[in-house]
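> following is a predicted model, sequence given first.
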Amino acid sequence: MLKNVKKLLLASLLGLSAGISAAQADVTVKFWHSFDGNGGEALGKIIDNFEAANPGITIDAQHIGNYNDIVAKLQAAIPARRAPDAVIMEVTRYGLFADRGVLMDLTEKVNNDPLKDDLFAFAREVGVFEGKNYIVPFNSSTPVLYYNKEIFERAGFAEEPALKTYDDLLAVAKQITEKLGGEGITGIAAPGQFARWGLIMANDSDLIDSKTGEILIDSPNTIEAYEWMASLVHEHKVASADGVTKENNGRDAFLAGKVGMMLNSTGNYGRSRKALGENLAVRPMPCNKVCAVPIGGAGIGILSSADKETQDAAYKFISFAASPESNAIWFSGTGYMPINRHTAKQPLAAAAVEDKPGITVAIEQLDFARGRPRPPVVTWMRASEYDMWQAMALGQRDVAETLKGFAERTRNEAKRTN
């Protein structure tokens, strides 16, 4: 009898132990991201594939908003102890959180991951801040020029006009607005911040030098670039002010067939193709004084506050998301650039190149694409630039005077944060 009782107790303890081990093996990674529409669908497929291949790990993906929203909400969540375990971080803004110890140093994990050798050089570089790896690239992009073929034809362009300089774009935008303005169609969408950065680079300048950290906001070529961009709205009236006060308005008007041209991220390819179909054309960014474009997008970082088991599970997902199979799903579904050298060999990626004209334009621009600075001051600078741009584009403030003051404030902020 006593022997049977011992057997029952032993069996119960073994069962309890097995249950505890199983419970400990289940890990949920709270993941904040910024993707909806085509991006949200592609991310969902990648997560489903990961969870199927890794039973016991759940990715609790939460759409937080755009990159600005993520920065603001992360800053609020950290002191409230409501931070996620992993987060999408835009490539110029994660330095603030790396500098403050919020993000986990992933250098050892990346160095021990065979994936490292499969990533393109530009993709490896965007995750490094002050010699250490803090994010692994996920969505990489450059700005490109989109235009609506039907609008061009209706505006009188029998052939594709030159689209290589500021003057070229302005001439086309004027003709579209003059011919079709009565129907509520404008020539070009007011450029968003990513496109503004690209146009400044194309004018042989920058906002902050990515190598030296020198503030270039008030340099002559930067001022000239802003003067041209602002003139599209308040002087020539070929771009609607609605796209200045809220940047997505310009994109949405383009998708609705109310704008002839749009300078925007290659990450907008999927939704643009869906909206315009065969009427969508994609071309490189203009080369006004030089050919140069910024590398944008984001990578996934892991919070230092997460426990080790969750950090390990999160990195497993990050590595999976950057694999050629996952990257092919992402590239074909969104138009963001491949980050993995082997992505092009995947059937999905090959089909996208064959069936989606223009999807490779951003890749072709990599010969003259440049990474951007990522010290802590960049987050402040980018958040502040929106108000400066709005005042200049709406004709409320002089461009040169505004940028000189903004440059001085940025230099002071850089000294403070350093």
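Looks like it arrived, so ask away. Residues are numbered from 1 along each chain as shown.
> quickly list what residue 119 is bridged to.
residue 340 (DSSP bridges).
> I'd guessed it sits against residue 337; true?
No. Counting by CB atoms under 8 Å, residue 119 sits too far from residue 337 to count as a contact (11.8 Å). C-beta coordinates here come from the backbone N, C-alpha and C atoms, glycine included.
> can you pick out the residue with more neighbours from those two?
residue 337 (30 against 23; other CB atoms under 10 Å).
> where's the more buried one relative to residue 159, distance?
Distance of residue 337 to residue 159, given as CB to CB, to the nearest Å: 29 Å.
> which SS class is the residue nearest in space to the middle of the chain?
Nearest to the mean C-alpha position of the chain, by CA atoms, centre = their mean, lies residue 297 at 2.5 Å. What DSSP: H, G, I helix; E, B strand; the rest coil gives for residue 297 is strand.
> ok, now which ones touch it?
90-91, 126, 137-141, 265, 267, 336-337 (CB atoms under 8 Å, 6 or more residues apart in numbering).
> specify the beta-bridge partners of it.
Applying DSSP bridges, one finds that residue 297 bridges with residue 140.
> mind checking how far it is from residue 249?
22 Å.
> again, but for residue 108
Counting by CB to CB, the gap from residue 108 to residue 249 is 44 Å.
> more crowded one of these two?
Shown here are residue 108 and residue 249; by other CB under 10 Å, residue 249 has more neighbours (17 against 10).
> please identify the helix or strand for that one.
helix 247-255 (DSSP states H and E).
> what are the buried residues along that helix?
247, 249-255 (16 or more other CB atoms under 10 Å).
> and if you look at stretch 46-60?
Applying 16+ other CB under 10 Å to stretch 46-60 flags 46-47, 49-50, 57-59 as buried.
> switch the residues you listed over to a markdown table; also include pLDDT.
Formatted as a markdown table, the buried residues of stretch 46-60 follow (pLDDT from 0 to 100):
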| residue | pLDDT |
| --- | --- |
| 46 | 98 |
| 47 | 98 |
| 49 | 98 |
| 50 | 98 |
| 57 | 98 |
| 58 | 98 |
| 59 | 98 |
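> next step: these restricted to strands.
Among these, the members found in strands (DSSP state E) are 57-59.
> adding distance to residue 282, write these out as JSON lines.
Output for those, formatted as JSON lines (distance: CB to CB, whole Å):
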{"residue": "57", "distance to residue 282": "37"}
{"residue": "58", "distance to residue 282": "37"}
{"residue": "59", "distance to residue 282": "32"}
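> between those, which is closest to residue 363?
Nearest to residue 363 among those: residue 59, at 28.0 Å, using CB to CB.
> what's the domain layout of the chain?
28-141+296-360, 143-294+376-417 (automatic domain parsing).
> now those in JSON lines, with distance to residue 367?
Listed next are those as JSON lines, based on distance: least, CB to CB, whole Å:
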{"stretch": "domain 28-141+296-360", "distance to residue 367": "11"}
{"stretch": "domain 143-294+376-417", "distance to residue 367": "8"}
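> next structured bit after the strand or helix carrying residue 264?
For residue 264, the enclosing helix or strand under DSSP H and E is strand 259-265. As assigned by DSSP H and E, the chain's next helix or strand after strand 259-265 is helix 269-276.
> flag every buried residue along that next one.
269-273, 275-276.
> having no further points to raise, I will conclude here.
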